[in-house]
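J.: pasted the sequence and its predicted model underneath.
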Amino acid sequence: MDGVAQINNFMYFWQDIMSPPLPTVRTLMEEVRALPNLNELEGIFHIGWEEGAHEIYGYLNTPNGAEILAEELNKLSTELGRDIPFYLITAAPDRDWPHEWDRNDPKYRLLKLIHYPTYFFQRTQFRLGPNVNQYWSGGGTEHIQANYEHNKNATGLDIANLYTGLDNVDYKYTYLYMVLYPKPHRCIMMDTLAKHELHSIGALSWMEYNRNIDRSKLLPGQLDSQYEDFVWTHWKNPQRLYLDQKNESPGPISWDWLPSEYSQSFMQVIGESVAHCTFITEKTVVPILHNKPFLIVGSQGNHQYLKELGFELYDEIFDYGFDNLSNIKDRCDGIAENIKRVQSLINSQGAQNLINRIRDKLIHNKRLGHQITFLPQYFPHEVNLFLNCNNLIAQKSVPEQWRNIKKHYPYFDYSKRFYNEWLTK
């Protein structure tokens, strides 16, 4: 297993955690043992990068799932006379996730968590960039192709221009905050903005669309956030808010279809996917690729994690002290204080002056946001094995449209060409 050429027989399974039922360890291992070429099996891949969750229990829906899976893999490896590892590939760093197993315990040696930090950069670049029809054969090309032209026309910003939006700036709003799914940490941020009387200087999109609830059970006028028992303290009239986007009641809309207010806002407040672990998704990648300053409503240390990846923080205009606070409410207060700080700086120095102060960092971060998609140090060896496997057998529960994995992950080839062909130097 030293190189791609030697890796020929892997099984893989993919399960959207939003689409139950989840597979069980028993289901998985029964199917593995039923493989006609079991004697040639070299390992199992579980693709979890888009959901980000790590816990074996959550994926395999089995009490003590990690222990049972480890035991089954050890048993199978003994029978076949070689190690059969289980690779869980995810975009979320494992340092923040709880695990059912002690990875220092030899019995779990075949359970391997593979951190793939740049997946969302690749996917976002593809969904927002030009000429994707050259690489996409999975349907929906018309929408993806339309993203680039729409965003450029609606906002005046160009993902393929390294210096987009840096000159002659004139902002109508101090910040932009867009939310579709009203998760608790996003609600806290919205309520905190009201607490600090900042709604009036922000471009706010609040769709209040929770795809996991039965809307027929909602009371008249009841919002999705209230369904999840969130109690608004400072926002006295919670309601759905729309920007210059396709309005649906209550939603959803595509995350990659930007409103005109995007370029009319100095900075962006980002409600990341989760607040309990360090997880960078397309929500953070979008402002990076559009030269927009931003602050993240997410986990403790999210901004520090970006710095570890090589991105530069905008210390000239932001105080990142809140990033290390353990309480999400305190972190939201810190973001609100930063918005007030930025508003004061704009009033006293002008928005263009602030942009000029962080101009080099914005350009550096945008360049790295594109480069990071193909830099080898961010591309795990195991992902390379997966994408170049000659005989990749899909588990029965993998939907038909996902069985040809290379067909449905065109981002990798696209990333190799984007920087040199389309990004203005």
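T.: Received it, and whenever you're ready, just let me know what you need.

J.: residues contacting the one residue sitting closest to the centre of the chain?
T.: Among the residues of the chain, Thr281 comes closest to the average C-alpha position under CA atoms, centre = their mean, at 1.8 Å. Contacts for Thr281 were tallied using CB atoms under 8 Å, 6 or more residues apart in numbering; they are Gly52, Ala91, Phe120, Glu272, Ser273. From N, CA and C alone the C-beta is placed, and that goes for glycine too.

J.: if you set the cut-off to 10 Å instead, what comes out?
T.: Going by CB atoms under 10 Å, 6 or more residues apart in numbering, Thr281 touches 50, 52, 91-92, 119-121, 123-124, 255, 270, 272-274, 298.

J.: tell me where the stretch 101-250 of the chain has helices.
T.: Taking DSSP state H, counting those that start in this stretch as the test, the helices found in the stretch 101-250 of the chain are 119-128, 141-155, 184-195, 224-227.

J.: mean confidence for the first one?
T.: Okay, so that is helix 119-128. Averaging pLDDT along helix 119-128 gives 90.

J.: that helix - contacts with which helices or strands?
T.: Packed against helix 119-128 by the contact rule (3 or more CB pairs under 10 Å, 6 or more residues apart in numbering; DSSP states H and E) you find helix 141-155, helix 282-288, helix 351-371, helix 411-421.

J.: CA-only coordinates of the third one in PDB, if you can.
T.: Output for helix 351-371, consisting of C-alpha atoms alone and laid out as PDB, is shown next (Å, rounded to 0.1, in the frame of the first residue of the first chain):
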ATOM      1  CA  ALA A 351     -14.200  52.500   4.400                       C
ATOM      2  CA  GLN A 352     -11.600  52.700   1.600                       C
ATOM      3  CA  ASN A 353      -8.900  53.500   4.100                       C
ATOM      4  CA  LEU A 354      -9.800  50.400   6.200                       C
ATOM      5  CA  ILE A 355      -9.700  48.300   3.000                       C
ATOM      6  CA  ASN A 356      -6.300  49.700   2.100                       C
ATOM      7  CA  ARG A 357      -5.000  48.800   5.600                       C
ATOM      8  CA  ILE A 358      -5.800  45.100   5.100                       C
ATOM      9  CA  ARG A 359      -5.500  45.100   1.300                       C
ATOM     10  CA  ASP A 360      -2.400  42.900   1.200                       C
ATOM     11  CA  LYS A 361      -4.000  40.400   3.600                       C
ATOM     12  CA  LEU A 362      -7.200  40.200   1.600                       C
ATOM     13  CA  ILE A 363      -5.200  39.400  -1.600                       C
ATOM     14  CA  HIS A 364      -3.000  36.900   0.200                       C
ATOM     15  CA  ASN A 365      -6.100  35.100   1.600                       C
ATOM     16  CA  LYS A 366      -7.900  35.100  -1.700                       C
ATOM     17  CA  ARG A 367      -4.800  33.700  -3.500                       C
ATOM     18  CA  LEU A 368      -4.300  31.100  -0.800                       C
ATOM     19  CA  GLY A 369      -8.000  30.300  -0.900                       C
ATOM     20  CA  HIS A 370      -7.500  29.200  -4.500                       C
ATOM     21  CA  GLN A 371      -4.100  27.700  -4.200                       C
END
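
J.: between it and helix 411-421, how many degrees?
T.: Helix 351-371 runs at 130 degrees relative to helix 411-421, counting by axes from the mean of the first three to the mean of the last three CA atoms, to 10 degrees.

J.: where's helix 351-371 relative to the chain centroid, distance-wise?
T.: Once both centres are worked out by CA atoms, centre = their mean, to the nearest Å, helix 351-371 turns out to sit 21 Å from its chain's centre.

J.: just after it, pick out the following helix or strand.
T.: helix 381-387 (DSSP states H and E).

J.: packing partners of the helix or strand that that following helix is followed by?
T.: Using DSSP H and E, the helix or strand that directly follows helix 381-387 along the chain is strand 391-394. In terms of contacts (3+ CB pairs under 10 Å, 6+ apart), strand 391-394 is packed against strand 9-13, helix 405-408.

J.: need the least confident one among these, by mean pLDDT.
T.: Mean pLDDT is lowest for helix 405-408 among the helices and strands packed on strand 391-394, at a mean of 62.

J.: how does the chain divide into domains?
T.: What automatic domain parsing lists as the domains of the chain is 4-116+380-394, 156-371.

J.: if we can go back for a sec, could the helices of the stretch 101-250 of the chain go into CSV alongside mean neighbour count and distance to Ser260?
T.: Shown next, in CSV, are the helices of the stretch 101-250 of the chain (neighbours: other CB atoms under 10 Å; distance: least, CB to CB, whole Å):
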stretch, mean neighbour count, distance to Ser260
helix 119-128, 24, 16
helix 141-155, 16, 5
helix 184-195, 22, 21
helix 224-227, 20, 26
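
J.: format these as TSV; extra columns: distance to Ser77.
T.: Output for the helices of the stretch 101-250 of the chain, formatted as TSV (distance: least, CB to CB, whole Å):
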stretch	distance to Ser77
helix 119-128	28
helix 141-155	42
helix 184-195	41
helix 224-227	46
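
J.: mind listing what's buried along stretch 206-217?
T.: When neighbours are counted by 16 or more other CB atoms under 10 Å, the buried residues of stretch 206-217 are found to be Trp206, Met207, Glu208, Tyr209, Asn210.

J.: check those and tell me the two furthest apart.
T.: Within the buried residues of stretch 206-217, Trp206 and Asn210 form the most distant pair, 12.4 Å apart (CB to CB).

J.: shared neighbours, the two?
T.: Shared contacts of Trp206 and Asn210 (CB under 10 Å, 6+ apart): Leu180, Pro182, Leu223, Ser225, Pro250, Gly251.

J.: now do the contacts for the fourth one.
T.: To tie it back to what came earlier, the one meant is Ser225. Counting by CB under 10 Å, 6+ apart, Ser225 touches 179, 181-184, 186-187, 190-191, 206, 208, 210, 231-232, 235, 238.

J.: which members of these are the farthest-apart pair?
T.: Spanning the widest gap among those are Tyr181 and Val231, at 18.3 Å by CB to CB.

J.: all good on my end, thank you.
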